[in-house]
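In: Just a sequence and a predicted model for now, questions to come.
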Amino acid sequence: MVSLFKTKSAAAVVWITLFCVFVHLPFIFEGPQVILSGNESILDKMLSNLASASGVVLYLFYLVLVSLQANRVNAAANNLFLFQRENALPGMAYVLFTAILPQWNGISSALIVNTLFIEILATFRLLHTSEKPEKLIFNLSLITGVSVILYPPSLIWALVLFFALIMLSSFKLRLVIVWLIGLLLPFYFLGAYLFLKDYFVHEKIGSLLKFIPAVSFQPLSLNKDPLIYLVAFGFIILTVLIGMMSGSQNSGKLMISARKVWGLLTFAFLLTIANAFLFPKEPMQLLLFSIVPAALLSANTFYYSNAKWLVSVWFWLIVLGAFYTNLHVLHVIRF
């Protein structure tokens, strides 16, 4: 199965979609649901209108969304020249990781925001090659600012973009100012809109504060069987660690920009994990952010391994782990 994704081809798009259907076979027993965070974000309110849709519509929406994201992860990896040869392994890993935890088998704000930041990651090569990256930085930070208004936990991606600016572009004060202006400009327009509405002053301020991310450190709350989290996070972390070591050993064969992006992805992986501790209402959903860099890092595990049988065994173990966690929660199997 892994060999199907080791080369880039038109068929890889089809294989990604079929693989997404396969790993989400537990939807036979219960289809995807709309998951609301409880933070009353704009994106959550939009999703609440989708909650009343039929199971078939939700299933097709989820399938198309995850398949599209997986293919765009592949495109981002290939655009950034992260591997010596183009392949579809990052998308394969992304689909696999979305299926491994039951809480991720739903349509949530975090999953939708992943689409936006996969596209942002794909542009990072331009930060390294462009002689005048101000326009690109402004556009990326502006998009990030809008996403923070729509879904406040997206603020973590503003930090990822800031560190991308430092690591991939020449660090200059004017670039930081451009990044900050782009990030704050959506809030300026939002404040102007609220001011023009017929509100009292205290109501205007209160309305604007609703869009400012409110963070508070809280430990992760594991509400289900701990064995489920042990299986899911164990597979992801081990695959990422092996991928990081494999990528480090073979990084000398890559361009300088690609090596910098790998370092940024490692940092983004750690940042997005830490982000889950800052928004206590939805820590498991926020960990969906981390599977974007995790999928890219894990692709090294399958790309550089010389023992094909070992990689195949590891791949099928993860698939079985995904089936187990989902079927266990649905009480189809017990162990």
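Out: Thanks, I have it.
In: where does the stretch 1-150 of the chain dip in pLDDT?
Out: Along the stretch 1-150 of the chain, the model assigns pLDDT under 70 to residues 38-40.
In: mind redoing it with 90?
Out: Within the stretch 1-150 of the chain, the stretches with pLDDT under 90 are 1-15, 25-59, 78-87, 101-110, 116-117, 119-137, 139, 145-150.
In: Distance of residue 89 relative to residue 286?
Out: Residue 89 sits 25 Å away from residue 286, going by Cβ to Cβ, to the nearest Å. Quick note: C-beta positions are derived from backbone N, CA and C, even for glycine.
In: What lies in contact with stretch 176-195?
Out: For stretch 176-195, the external contacting residues (Cβ atoms under 8 Å, 6 or more residues apart in numbering) are 134, 137-142, 144-146, 148-149, 158, 161-162, 165, 204, 207-208, 211.
In: do stretch 66-79 as well
Out: Residues contacting stretch 66-79 (Cβ under 8 Å, 6+ apart): 8, 12-13, 16-17, 20, 83, 86-92, 94-95, 98, 111, 114-115, 118-119, 121-122, 125, 292, 295-296, 299.
In: CA atoms only: put it into CSV for me.
Out: Taking Å, rounded to 0.1, in the frame of the first residue of the first chain, the C-alpha atoms of stretch 66-79 are listed here in CSV:
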residue,chain,number,x,y,z
VAL,A,66,-9.9,15.7,4.3
SER,A,67,-9.0,14.4,0.8
LEU,A,68,-8.6,17.9,-0.5
GLN,A,69,-6.4,18.8,2.5
ALA,A,70,-4.3,15.6,2.0
ASN,A,71,-3.7,16.4,-1.7
ARG,A,72,-2.8,20.0,-0.8
VAL,A,73,-0.3,18.8,1.8
ASN,A,74,1.3,16.7,-1.0
ALA,A,75,1.4,19.8,-3.2
ALA,A,76,3.0,21.9,-0.4
ALA,A,77,5.7,19.3,0.3
ASN,A,78,6.5,19.1,-3.4
ASN,A,79,6.5,22.9,-3.9
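In: Can you give the distance of it from its chain's centre?
Out: 11 Å (Cα atoms, centre = their mean, to the nearest Å).
In: which helices and strands sit right next to the strand or helix carrying residue 137?
Out: Here residue 137, judged by DSSP states H and E, is contained in helix 134-150. Secondary-structure packing of helix 134-150 (3 or more Cβ pairs under 8 Å, 6 or more residues apart in numbering; DSSP states H and E): helix 42-48, helix 109-122, helix 124-129, helix 155-168, helix 173-196.
In: at 6 Å instead, please
Out: The elements that helix 134-150 packs onto, with contact taken as 3 or more Cβ pairs under 6 Å, 6 or more residues apart in numbering; DSSP states H and E, are helix 109-122, helix 155-168, helix 173-196.
In: List the buried residues for the last one?
Out: Across helix 173-196, burial judged by 16 or more other Cβ atoms under 10 Å covers 175, 178-179, 182-183, 186-187, 190-191, 194.
In: before we move on, back to that, narrow the contacts of stretch 66-79 to those that are buried.
Out: Neighbour-count burial within these applies to 8, 12-13, 16-17, 20, 83, 86-92, 94-95, 98, 111, 114, 118, 121-122, 125, 292, 295-296, 299; the criterion is 16+ other Cβ under 10 Å.
In: follow-up on the earlier one: as a markdown table, the helices and strands packed on helix 134-150 with distance to residue 77 would be great.
Out: Shown next, in a markdown table, are the helices and strands packed on helix 134-150 (distance: least, Cβ to Cβ, whole Å):
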| stretch | distance to residue 77 |
| --- | --- |
| helix 109-122 | 9 |
| helix 155-168 | 16 |
| helix 173-196 | 24 |
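In: Spell out the secondary structure type for residue 218.
Out: Secondary structure, DSSP: H, G, I helix; E, B strand; the rest coil: residue 218 is coil.
In: Provide a list of residue ranges in the stretch 151-300 of the chain with pLDDT below threshold.
Out: 151-158, 161-176, 178, 184, 186-232, 246-261, 274-287.
In: Identify the residue spatially nearest to residue 97, adjacent ones excluded.
Out: Nearest residue to residue 97 in three dimensions, chain neighbours excluded: residue 291, at 4.3 Å (Cβ to Cβ, 6 or more residues apart in numbering).
In: What is the distance between stretch 252-267 and the centre of its chain?
Out: 19 Å.
In: what does that stretch rub up against?
Out: Identification of contacts with stretch 252-267 by Cβ atoms under 6 Å, 6 or more residues apart in numbering yields 80-82, 84, 124-125, 128, 164, 167-168, 247, 251, 293, 296-297.
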